[in-house]
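> Based on what follows, work out the 3D shape:
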Amino acid sequence: DGGTEGYFKLPTAFGKTVIFTEFTRAANLRTLIVVATVEVLDQTEDTFARLAPDLQLGKVYADAKNFQGQTTVTTYESFIRLVDPKVERYTDFDFLPEDIGLLILDEAHHALGPRTSWVVSQFTNAIKLGFTATPVYSETRQVENLLNRKIYAMSIKEAAEEQLLSPFRVWFAFTNIDISGVEVDILTGDYKPQQLARAVNVASRNQAAVDLYNQYFSGDSAVVYCASVKHAREVAKLFQQAGISAEAIWGSMNRKKRAEFVNSFRKGEIQVLCNMQVLTEGFDAPNASVCINLRPTLSAVVAEQRGGRVLRLDPANPDKEATIIDFMDKEGSDSWQVSFAEVAETAGVPEKLQGQPGVVVVERKPGPRISHSDTKPEVPSFTTNNISVITEVQEIMRIASEAMRVRQEEMALPEGYMKLSFPELSREFEVTPQTLYRIIINLGKQNENDVVRRGRRFPVLVTVEGFRLITEAIQRIRLPENFQLVETPKLAKEFTLSS
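Okay, the predicted model is just below:
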């Protein structure tokens, strides 16, 4: 209909790379594909080699500057350096955004920052397509604000029901670990990592994960999400002591060693990968069928990305049924951590139950059959190592619905206040989040009229007057002209160096 931009909301593990590979071939335009990490860049190259071997693919990132061919893949960090005059640009070749006919943004929520959004806007002659599982990253960061049309959307539940993802089930493992004292990070809106790691890295809790795997999933390929590098190492050691092939991996680990472990996992030589902030976006291992979440989260994005890693269809195992186990810790009088059942809007889509007695099958017009089970699960709820494991679909959804209700009540804004987004504000005014935090603390000390509130549920709330005072304070410490911020972690990641 003449549109030139839009986005697709597709579940994690749906196979977005395959879709835009075919789209690139069909469009036959000079194409730039932007991905989140170098690992995903390598996977994209492999997909093109398999599905479109006739297309010459260039790569642009810290270690490669090959812009030859009709299609090029780059990372978001390098994408900025191709265009933005405020950063040190690549000079290995001439690049003009107007020469690109098709711009594809994988994990498009990464393009929502002010600088990246500006770079996207410079591709004035390109068809712009975004692919993401999480178009609403936060209240202020939404893909719709960048690419104004939703072309197509499919939920996790729909994709599994239509057999585009593996059938799955969700279990809750309730612990007696109290995390009500863990503060919320004002920059991320999630638990503070160090405090969380100290709270949940408990021997009995870790051992329960090993026992669960041994008793119900022995021999299956599993990924375990941990709260710190130390946590990942200690959990991996417990698996090894139980005679299970397991390794720990993390973001700052030697890239070659990390790739070696991931490849061994894909081959089945390693059964369990315990990871810290690695196996989220772009991790492609169809054999992975068990996800054990030992790190609680308040982020729907994190919850979906983690669980989705085990939902890929496995050509080598057509009977695969995935299991996502969320460890649920005590949150005082309420429970508001985000579970996979909540983001998936179901506690399971079990293919084995379709057409069996006791299963209600509803015909959708048009479309395939949808199954809703009232039968008992294969494994009834049980207790192990002081962990209460809930497996019944209806009970899990009751708990998830109650958590949503409590969270909505807790997140209701007090009259006259608004939430302050640290990441957006720091980008807009080009000050570090840490500097912004110091401004808030100082303002809070002078807070005679309660213009700033801080608390666990709301890291920072401000009145209109409070927001004015904050922006005035920021203006007084703006960067001098011709200077820019250097974000050390991002720069280190781009060049595969330590911070």
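
> can you give me the strands in the stretch 301-450 of the chain?
Listed in chain order, the strands of the stretch 301-450 of the chain (DSSP state E, counting those that start in this stretch) span 322-330, 348-349, 359-363, 369-373, 382-384, 387-390, 418-419.

> Lowest mean pLDDT across those, which one is that?
With a mean of 28, strand 359-363 has the lowest mean pLDDT of those.

> a helix runs through Phe172, doesn't it?
No - membership of Phe172 in a helix is not supported by DSSP: H, G, I helix; E, B strand; the rest coil, which gives strand.

> could you list every residue that touches the spatially closest residue to it that is not a sequence neighbour?
With sequence-adjacent residues excluded and distances taken as C-beta to C-beta, 6 or more residues apart in numbering, Phe172 is closest to Ile390, at 4.4 Å. To be clear about C-beta, it is placed using only N, CA and C from the backbone, and glycine gets the same treatment. Counting by C-beta atoms under 8 Å, 6 or more residues apart in numbering, Ile390 touches Trp171, Phe172, Ala173, Phe174, Ser381, Ile396, Ile399.

> Beta-bridge partners for the third one, please?
Spelled out, it's Ala173. Phe327, Val389 (DSSP bridges).

> Wait, it touches Ser388, no?
Yes - with contact defined as C-beta atoms under 8 Å, Ala173 counts as touching Ser388 (7.4 Å).

> out of these two, which sits in the busier spot?
Between Ala173 and Ser388, counted using other C-beta atoms under 10 Å, the more crowded position is Ala173 (23 against 14).

> quick one: the more buried one from Met404, how far?
Separation of Ala173 from Met404 (C-beta to C-beta, to the nearest Å): 19 Å.

> just Arg81 next, same as before
Arg81 is 41 Å from Met404, by C-beta to C-beta.

> Which one of those two is surrounded by more residues?
Shown here are Arg81 and Met404; by other C-beta under 10 Å, Arg81 has more neighbours (20 against 14).

> Is that one in a helix, a strand, or coil?
Strictly by three-state DSSP, Arg81 counts as helix.

> mind listing what it touches?
Taking C-beta under 8 Å, 6+ apart, one finds Val87, Glu88, Arg89, Tyr90 in contact with Arg81.

> Where neighbours are concerned, which of these has the most?
Tyr90 (17 neighbours).

> my guess is that residue contacts Ile80, does it?
No - counting by C-beta under 8 Å, Tyr90 sits too far from Ile80 to count as a contact (10.2 Å).

> Can you work out which other helices and strands pack against the helix ranked longest in the chain?
Ranked by residue count, the top helix of the chain under DSSP state H comes out as helix 393-410. Applying 3 or more C-beta pairs under 8 Å, 6 or more residues apart in numbering; DSSP states H and E, one finds that helix 393-410 contacts strand 168-178, helix 340-344.

> Relative to Asp314, which of those is closest?
Closest approach to Asp314 among the helices and strands packed on helix 393-410 is made by strand 168-178 (12.5 Å; C-beta to C-beta).

> Distance check, the residue nearest to Phe172 against Met328.
9 Å.

> do Glu183 as well
Taking C-beta to C-beta, one finds Glu183 at 19 Å from Met328.

> quick one: contacts for the residue lying closest to Leu298 once chain neighbours are set aside?
In this structure, Leu298 finds its nearest non-sequential neighbour in Asp190, 5.0 Å apart by C-beta to C-beta, 6+ apart. For Asp190, the contact set (C-beta under 8 Å, 6+ apart) comprises Val184, Thr297, Leu298, Ser299, Val302.

> List just the nearest of these to Ser121.
Ser299 (27.5 Å).

> my guess is that closest one contacts Gly189, does it?
Yes - here Ser299 reaches Gly189: they are 6.7 Å apart, a contact under C-beta under 8 Å.

> low pLDDT regions in the stretch 201-350 of the chain?
Applying pLDDT under 70 to the stretch 201-350 of the chain picks out residues 280-282, 332-335.

> Start from the N-terminal end of it and give the helices.
Remark: helices assigned in the stretch 201-350 of the chain by DSSP state H, counting those that start in this stretch are 203-216, 229-241, 255-266, 300-308, 340-344.

> Output those in JSON lines, with distance to Ala36 and mean neighbour count appended to each entry.
Listed next are the helices of the stretch 201-350 of the chain as JSON lines, based on distance: least, C-beta to C-beta, whole Å; neighbours: other C-beta atoms under 10 Å:
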{"stretch": "helix 203-216", "distance to Ala36": "28", "mean neighbour count": "18"}
{"stretch": "helix 229-241", "distance to Ala36": "21", "mean neighbour count": "20"}
{"stretch": "helix 255-266", "distance to Ala36": "15", "mean neighbour count": "15"}
{"stretch": "helix 300-308", "distance to Ala36": "11", "mean neighbour count": "23"}
{"stretch": "helix 340-344", "distance to Ala36": "19", "mean neighbour count": "26"}
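
> So for Asn287, which of the ones you listed sits nearest?
Comparing the helices of the stretch 201-350 of the chain by C-beta to C-beta, helix 255-266 comes nearest, at 6.3 Å.

> which residues are in contact with that closest one?
38-39, 221, 247, 249, 270-271, 273, 278, 283, 285, 287-288, 496.

> try it again with 6 Å
Outside of helix 255-266, the residues within contact range by C-beta atoms under 6 Å, 6 or more residues apart in numbering are Glu247, Ile249, Ile270, Leu273, Ala285, Thr496.

> Out of those residues, which end up buried?
Glu247, Ile249, Ile270, Leu273, Ala285 (16 or more other C-beta atoms under 10 Å).

> which intervals of the stretch 351-499 of the chain have sub-threshold pLDDT?
In the stretch 351-499 of the chain (pLDDT under 70), the answer is 351-378, 410-413, 420-424, 426-428, 433, 444-460, 478-479, 485.

> can you map out the helices along it?
Using DSSP H, counting those that start in this stretch, helices in the stretch 351-499 of the chain cover 393-410, 422-429, 433-445, 464-475, 488-494.

> chain center to the third one, what's the gap?
The one in question is helix 433-445. Relative to the chain's own centre, helix 433-445 is displaced by 28 Å; criterion: C-alpha atoms, centre = their mean, to the nearest Å.

> Quick one: list the elements packing against it.
Here helix 433-445 touches helix 422-429, going by 3 or more C-beta pairs under 6 Å, 6 or more residues apart in numbering; DSSP states H and E.

> again, only this time at 10 Å
If contacts are counted by 3 or more C-beta pairs under 10 Å, 6 or more residues apart in numbering; DSSP states H and E, helix 433-445 sits against helix 422-429, strand 452-453, helix 464-475.

> tell me the angle of that helix relative to helix 464-475?
Here the directions of helix 433-445 and helix 464-475 differ by 130 degrees (axes from the mean of the first three to the mean of the last three C-alpha atoms, to 10 degrees).
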